[in-house]
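Visitor: Requesting a structural model of the entry that follows:
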Amino acid sequence: MRAYQIVKWGEPLEEREVPMPEPKGTEVLIRVTASGICHSDIHIWDGYFDMGGDNKLSLEGRGLKLPFTMGHEVLGEVAALGPEAAGVAIGDRRIVFPWIGCGECDVCKRGEELLCLAPRTVGTRYAGGYAEYCIAPDAKYLVPFEGTDEPHAATCACSGVTAYSALKKVNFLKNNEHLMIIGAGGVGLAGIGMAKAVVNAKLIVADIDPAKWAAAISAGADIVIDNSDAGAVAQLLESTGGGVDAAIDFVGAPATAGFAMQALARGGTVVVVGLFGGALPLPLASLPLKMMRLIGSYVGNLAEMHELMELVKAGKVKPVPTTPRPLREAGQAIADLRDGKAVGRYVLVN
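Guide: Model prediction:
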């Protein structure tokens, strides 16, 4: 089968002919029909995450060996079953939930596989969806999506559930309080599109790119601001009567996290989601003096994925704009994403 793989870190993906995977045990073989290209794929392609101060978290030797097939937003059709697989039938169409742990440790057994120290993540540890077929380790990780547009449904496996899990961390807000989402890229737009189904608050969106402001308004933002404007913090503090009550940073850069903290009300919460990288010089005294909470949020668990899909199927989530790209354009599509050419998401289709 065809797969588009990293052969050397940071160099163009290569089209390669690789063996067709054969499902064993509880495994399920999926014929991939849609696979989202996520911004975190850029970091995997590079082979490291930027930890700031010239420090890099290298993926070399962390369970990821080259050549490697990325793609963790996978959707497709059940093509074959391992001898112990149960719960789906040939021809069923499902999203592959990718954030899978070892299944044996305490955190996995309580449903928090994101905390597992031995992850089996599809597309980041094991071969993913930039290919014609991929393996899901068990049918319990296959999520129905009937009535949902395929490209949008595929993106729910990462950007969707990532945004949903982050929003749940601030769902204590009241309707007279303010939530600020920073970043109207792929994950940010997913969050904007579902924010009012999860959080009962006024929604402010901050982004430095004018091309994304209209998309943010269309997705549900009440107010859009340019956080690169020198007067943006003062404007927010005045218009909100002391600052936003919570901020979710879907960029995760020093400038955006710093902006969130400056614009935060006393007692407020900052949730950092984005993996842009860098380091944040943080005056430690500001945490108790401002009584702020600083939280990290990665993706979401399997239960949250099912909760999200119920909202999607109920029509309570505005889909992120998606641009289908044929599988053969996998390498060019991820390069275009790096160059900032996408408003919304690229999704590879077969």
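Visitor: Please, where are all the helices along the stretch 101-250 of the chain?
Guide: Taking DSSP state H, counting those that start in this stretch as the test, the helices found in the stretch 101-250 of the chain are 106-109, 150-155, 161-168, 186-198, 213-219, 232-239.
Visitor: can you put those in CSV and add mean pLDDT, distance to Asp54 and mean neighbour count?
Guide: Where C-beta positions appear, they are placed from N, C-alpha and C, glycine not excepted. Below are the helices of the stretch 101-250 of the chain laid out as CSV (pLDDT from 0 to 100; distance: least, Cβ to Cβ, whole Å; neighbours: other Cβ atoms under 10 Å):
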stretch, mean pLDDT, distance to Asp54, mean neighbour count
helix 106-109, 94, 32, 13
helix 150-155, 95, 33, 27
helix 161-168, 98, 27, 26
helix 186-198, 95, 26, 26
helix 213-219, 93, 34, 19
helix 232-239, 95, 29, 16
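Visitor: can you tell me which of those comes nearest to Ser35?
Guide: helix 150-155 (6.3 Å; Cβ to Cβ).
Visitor: closest one to Gly76 among the helices of the stretch 101-250 of the chain?
Guide: Across the helices of the stretch 101-250 of the chain, Gly76 has its closest neighbour in helix 150-155 (8.9 Å, Cβ to Cβ).
Visitor: And that closest one, what does it pack against?
Guide: Helix 150-155 is packed against strand 28-37, strand 73-81, strand 322-326, strand 345-349, with contacts defined by 3 or more Cβ pairs under 8 Å, 6 or more residues apart in numbering; DSSP states H and E.
Visitor: Please compute how far the third one lies from its chain's middle.
Guide: Which is strand 322-326. 17 Å (Cα atoms, centre = their mean, to the nearest Å).
Visitor: contacts for it?
Guide: The contact list for strand 322-326 (Cβ atoms under 8 Å, 6 or more residues apart in numbering) reads 34, 37, 149, 151-152, 155, 332-333, 342, 344-350.
Visitor: List only buried entries from those.
Guide: Neighbour counting by 16 or more other Cβ atoms under 10 Å classes 34, 37, 151-152, 155, 333, 342, 344-350 among the contacts of strand 322-326 as buried.
Visitor: For Phe49, see how far away Arg328 is.
Guide: 28 Å (Cβ to Cβ, to the nearest Å).
Visitor: the more surrounded of these two?
Guide: Neighbours were tallied for Arg328 and for Phe49 using other Cβ atoms under 10 Å; the higher tally belongs to Phe49 (16 against 13).
Visitor: List the single closest residue to the more buried one in space, sequence neighbours excluded.
Guide: Nearest-residue entry for Phe49: Leu57, 4.3 Å, with adjacent residues in sequence omitted and distances by Cβ to Cβ, 6 or more residues apart in numbering.
Visitor: Can you name the element that comes right after the helix or strand where that neighbour lies?
Guide: Taking DSSP states H and E as the criterion, Leu57 maps to strand 55-58. Using DSSP H and E, the next helix or strand after strand 55-58 towards the C-terminus is strand 68-69.
Visitor: Report the mean per-residue pLDDT for that following strand.
Guide: Mean pLDDT, computed over strand 68-69, is 96.
Visitor: same deal with stretch 35-53?
Guide: For stretch 35-53, the mean per-residue pLDDT is 92.
Visitor: Now name the helix or strand holding Ala257.
Guide: Going by DSSP H and E, Ala257 is part of helix 254-262.
Visitor: Let's have the buried ones among the contacts of strand 322-326 in CSV, adding distance to Ile90.
Guide: Converted to CSV, those look like this (distance: Cβ to Cβ, whole Å):
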residue, distance to Ile90
Ala34, 19
Ile37, 28
Pro151, 23
His152, 25
Thr155, 25
Ala333, 30
Ala342, 34
Gly344, 33
Arg345, 29
Tyr346, 29
Val347, 24
Leu348, 23
Val349, 21
Asn350, 17
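Visitor: of those residues, closest to Val299?
Guide: Nearest to Val299, judged by Cβ to Cβ, of those is Thr155 at 12.4 Å.
Visitor: any idea how far Pro324 is from the most centrally placed residue in the chain?
Guide: In the chain, the centroid-proximal residue (Cα atoms, centre = their mean) is Ser159; its distance is 2.9 Å. The gap separating Ser159 from Pro324 is 16 Å, by Cβ to Cβ.
Visitor: Ok, His178 next?
Guide: With Cβ to Cβ as the criterion, His178 and Pro324 are 36 Å apart.
Visitor: Comparing these two, which residue is more hemmed in?
Guide: The neighbour count for His178 versus Pro324, taken as other Cβ under 10 Å, is higher for His178 (24 against 14).
Visitor: residues in contact with the more buried one?
Guide: Going by Cβ under 8 Å, 6+ apart, His178 touches Ala201, Lys202, Leu203, Ile204, Thr240, Val244, Asp245, Ala246, Ala265.
Visitor: can you check Leu294 too?
Guide: Met261, Thr269, Val270, Val272, Leu287.
Visitor: What strand or helix carries it?
Guide: Per DSSP H and E: Leu294 is located in strand 293-296.
Visitor: Only the buried residues of that strand, if you could.
Guide: Under 16+ other Cβ under 10 Å, the buried positions of strand 293-296 are Leu294.
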